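Peer 1: Give the three-dimensional model of this entry:
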Amino acid sequence: MQSFLPLLLFTLATSVTPGPNNLMLLASGVNFGLVRTLPHILGITIGFGSLLLGIGLGLGALFTAWPTLHVVLKLLGGCYLLYLAWKIAGSRAIGETKVGAKPLSFTQAAAFQWVNPKAWVIALTVTSLFADPERPYFSVLLVALTVIVFNLPAIVLWTGFGTALRGFLSRPERLKIFNVIMALLLVATLIPMLR
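Peer 2: Numbering: from 1, shown residues only. Presented below is the predicted three-dimensional model:
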């Protein structure tokens, strides 16, 4: 595949930039550590991979046929992001064991990819730029595998950053400020959706 290097660069650029997934992983790394965040990481990886495959194999055409579907997706994604921001802002102690204080599960993280506006934009862009219309099934599979393989270390890195901050943020007042900032940044990711 001639476009492998551009695909790799695109994947790395979109994987390391802040977005809903990376901000949630950073906060989860701080609040729960790397090991407890692993299901969240794997959910993002598998969920985004399945979204890429779905779009690459024709699901993206639904937006053209039914533009209202795009609006519904934005609303669902926006509401879920606001809910997650609220949960992050309310977390007050590292490794809390109270009811409701737990990292996203594999299923929640995988399902979130299907309503994550940034994930849709990336998936639509990467499949339109790098999938070969002459060999759609093979190229979409190759693109999805490439993105999955090179996205995984980037999202683990975000979680690792959070885990590294656990010591500094072990004081409740620092953690409170951090979680509120992470929640506000997560809400800020909605701004491009409003345009």
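Peer 1: so which strand or helix has Ile155?
Peer 2: helix 136-164 (DSSP states H and E).
Peer 1: Enumerate every residue touching the residue nearest to the spatial centre of the chain.
Peer 2: By CA atoms, centre = their mean, the mean C-alpha position of the chain lies nearest to Asn21, the distance being 2.8 Å. Contact analysis of Asn21 by CB atoms under 8 Å, 6 or more residues apart in numbering lists Ile44, Phe112, Gln113, Asn116, Lys118, Ala119, Ile155. Every C-beta, even on glycine, is put in place using the N, C-alpha and C of the backbone.
Peer 1: List the buried residues in the strand or helix carrying it.
Peer 2: Using DSSP H and E, Asn21 sits in helix 20-54. Neighbour counts over helix 20-54 (16 or more other CB atoms under 10 Å) mark 20-34, 36-37, 39-41, 43-54 as buried.
Peer 1: lowest-pLDDT helix or strand in the chain?
Peer 2: helix 61-65 (a mean of 74; mean pLDDT, DSSP states H and E).
Peer 1: Please compute how far that one lies from its chain's middle.
Peer 2: Helix 61-65 sits 23 Å away from the centroid of its parent chain (CA atoms, centre = their mean, to the nearest Å).
Peer 1: what's the following helix or strand after that helix?
Peer 2: Next along the chain after helix 61-65, taking DSSP H and E as the criterion, comes helix 67-90.
Peer 1: And that next one, what does it pack against?
Peer 2: Using 3 or more CB pairs under 8 Å, 6 or more residues apart in numbering; DSSP states H and E, the elements in contact with helix 67-90 are helix 20-54, helix 61-65, helix 117-130, helix 172-188.
Peer 1: what sits up against that helix?
Peer 2: Outside helix 67-90, the residues that reach it (CB under 8 Å, 6+ apart) are 20, 24, 27, 31, 62-63, 100, 104, 112, 115-117, 120, 179-180, 182-184, 186-187, 189-190, 193.
Peer 1: and with 7 Å instead?
Peer 2: 20, 24, 27, 62-63, 112, 115-117, 120, 179-180, 182-183, 186-187, 189-190, 193 (CB atoms under 7 Å, 6 or more residues apart in numbering).
Peer 1: May I see the buried residues of it?
Peer 2: Leu73, Lys74, Gly77, Gly78, Tyr80, Leu81, Leu84, Ala85, Lys87, Ile88, Ala89.
Peer 1: same question, stretch 185-192
Peer 2: Leu185, Leu186, Val187, Thr189, Leu190.
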